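Novice: Return a 3D structure for these sequence lines:
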Amino acid sequence: MVKAVTDHSMPSLAGLGWTDFFGDQLEPGDADLIPTRIATVHRDRLTGLSQAGPVDLTLPAQANTGDYAVGDWVLVDGHEHLVQRRLVRKTVLERRTQGGRVPQLAAANVDTLFIVTSCNADFNPARLERYLALANEAGTTPVILLTKADTAEDAETYARQAAALQRGLPVVTLNPRTSDAATILAAWCGVGQTVALIGSSGVGKSTLVNTLAGSGQQSPQQTGGIREHDAKGRHTTTSRSLHAIAGGGWVIDTPGMRTLQVSDVASGIDTLFAEITELAPLCKFRDCTHVHEPGCAVQAALKAGTLDPERLARWRKLSDENQNNTPAQSGPRGAKSPGGRGKRR
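Specialist: Predicted coordinates for the structure are as follows:
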């Protein structure tokens, strides 16, 4: 049942993505347990990858697969392959679906998040900002990947619009079907590095996974086309899985998503909209809403033409949604405060 996992021949722990962050969590009683990385998460089972190769894992009686994410590190009993405990995550990507009460785990211990979109009707700045807020909050490095540039009249316009979404944001234009794609992305895909792909269906995520994994992978990802009239694709990836990159790293493919509800990403939004975040302390009033108060630095920048009104509108919408969706946490003396950054779980 572990054939879906493409693994490097006899990988080292470091090659699997193990670092001192995880090693420092080991206790004296863990000496006989095997560090194993979660490779696939299904409804009723997990598979893992250790130095010995792929393995089907057994969960403790009170656990369920929803408690684990692809990319997690767990300690496993070598005889029965029973998961003893999960190590604290360095980063974790999770999303809230519309109407969902609990965020869904997408991937864990990801170094770089490739946000994939196309140079066509799929390109949506507001949706990309949601992905960026998610990546920022998780502690991963976001990179925008633009596909289908060959079908666009002016692909550079898409690249400029994407780069303007966040300071210092890398934007890469590529064809996921060509071997050049692996070379272009090599800086983020070195030995022991883990990348994840996120984006709508039909933008080329599964194709890119196949390209990065190379011809040696056992079970290539299924790929599908898009509808011409609205650039929407079919869901060809239905579960998350870990694949070896031919150059030495690891890639996690995720099912396509068109809707993404934000919650508990206040820090990620602050990073995303730095031009607004940095103006807020200059306002006359500490609790300024940036709407009508006198002495508002944000409104002043808007009038001066140095702040994009569309960005301000999207910041306001995303911030309001995040506040409404984020459960309040009890602070000192029972005071309620919105949940903040804290993805190491």
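
Novice: Just give me the longest helix of the chain.
Specialist: In the chain, assigned by DSSP state H, the helix with the most residues is helix 309-325.

Novice: ok, residues contacting that helix?
Specialist: By C-beta atoms under 8 Å, 6 or more residues apart in numbering, the residues outside helix 309-325 that reach it are 96, 125-126, 129-130, 133, 261-266, 269, 273, 275-276, 290, 298, 302, 338. Glycine gets a C-beta too; all of them are placed from N, C-alpha and C.

Novice: so how far is that helix off the chain centroid?
Specialist: Remark: helix 309-325 is offset 20 Å from the chain centroid, using C-alpha atoms, centre = their mean, to the nearest Å.

Novice: in the stretch 1-150 of the chain, which spans are helices?
Specialist: In the stretch 1-150 of the chain, the helices defined using DSSP state H, counting those that start in this stretch lie at 20-23, 125-138.

Novice: Just say which of those is most tucked in.
Specialist: Burial of the helices of the stretch 1-150 of the chain is given as mean neighbour count (mean count of other C-beta atoms under 10 Å); helix 125-138 ranks first at a mean of 22.

Novice: returning to that earlier point: could you export the helices of the stretch 1-150 of the chain to CSV, including columns for mean pLDDT and distance to Thr151?
Specialist: What follows is these, written out as CSV (pLDDT from 0 to 100; distance: least, C-beta to C-beta, whole Å):
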stretch, mean pLDDT, distance to Thr151
helix 20-23, 98, 42
helix 125-138, 96, 19
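
Novice: Distance to Gly247 added to those, as a markdown table?
Specialist: Putting the helices of the stretch 1-150 of the chain into a markdown table (distance: least, C-beta to C-beta, whole Å) gives the following:
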| stretch | distance to Gly247 |
| --- | --- |
| helix 20-23 | 22 |
| helix 125-138 | 22 |
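
Novice: Tell me which of the ones you listed sits nearest to Arg86.
Specialist: helix 20-23 (10.7 Å; C-beta to C-beta).

Novice: still on that earlier bit, buried ones among the contacts of helix 309-325?
Specialist: Listed as buried from those are 96, 129-130, 133, 261-266, 269, 273, 275-276, 290, 298, 302; burial here means 16 or more other C-beta atoms under 10 Å.

Novice: pLDDT weak spots in the stretch 101-250 of the chain?
Specialist: For the stretch 101-250 of the chain, the stretches with pLDDT under 70 are 101, 215-239.

Novice: for the stretch 151-300 of the chain, what spans make up the strands?
Specialist: 171-173, 194-199, 241-244, 250-253 (DSSP state E, counting those that start in this stretch).

Novice: Measure how buried Gly66 is and give me the count.
Specialist: 11 (other C-beta atoms under 10 Å).

Novice: pretty sure it is touching Leu105, no?
Specialist: Yes - between Gly66 and Leu105 there is a contact at 7.3 Å, judged by C-beta atoms under 8 Å.

Novice: gap between the residue lying closest to Asp72 once chain neighbours are set aside and Tyr131?
Specialist: Nearest residue to Asp72 in three dimensions, chain neighbours excluded: Ile38, at 4.2 Å (C-beta to C-beta, 6 or more residues apart in numbering). If you measure Ile38 against Tyr131 using C-beta to C-beta, to the nearest Å, the figure is 23 Å.

Novice: cool, Leu105 as well?
Specialist: 16 Å.

Novice: next one: Gln84
Specialist: The spacing between Gln84 and Tyr131, counted by C-beta to C-beta, is 34 Å.

Novice: picking up where we left off before, what's opposite the residue nearest to Asp72 in the beta bridge?
Specialist: Gly48 (DSSP bridges).

Novice: show me what contacts it?
Specialist: Contacts of Ile38 were listed using C-beta under 8 Å, 6+ apart, and they are 46-48, 57, 68-74, 108, 242.

Novice: what do you get for Asp72?
Specialist: Asp72 touches Arg37, Ile38, Arg86, Leu87, Arg89, Ala108, Asn109, counting by C-beta under 8 Å, 6+ apart.

Novice: let's go with 7 Å and repeat that
Specialist: Contact analysis of Asp72 by C-beta atoms under 7 Å, 6 or more residues apart in numbering lists Ile38, Arg86, Arg89, Ala108, Asn109.

Novice: same check, this time on Thr147
Specialist: Per C-beta under 7 Å, 6+ apart, neighbours of Thr147: Val116, Ser118, Leu174, Pro176, Val203, Gly204.

Novice: what's the nearest residue to the first one if we skip its chain neighbours?
Specialist: Okay, so that is Val116. Gly199 (3.7 Å).

Novice: can you map out the helices along the stretch 151-300 of the chain?
Specialist: 155-163, 180-184, 205-213, 266-272, 274-277, 297-304.

Novice: now what about the last one, what contacts it?
Specialist: Read that as helix 297-304. Contacts for helix 297-304 (C-beta under 7 Å, 6+ apart): Ile276, Leu279, Ala280, Leu282, Cys283, His290, Leu307, Pro309, Leu312.

Novice: out of the contacts of Ile38, which one sits closest to Gly29?
Specialist: Closest to Gly29, out of all of the contacts of Ile38 and judged by C-beta to C-beta, is Val74, at 15.3 Å.

Novice: Kind regards, and thank you for your time.
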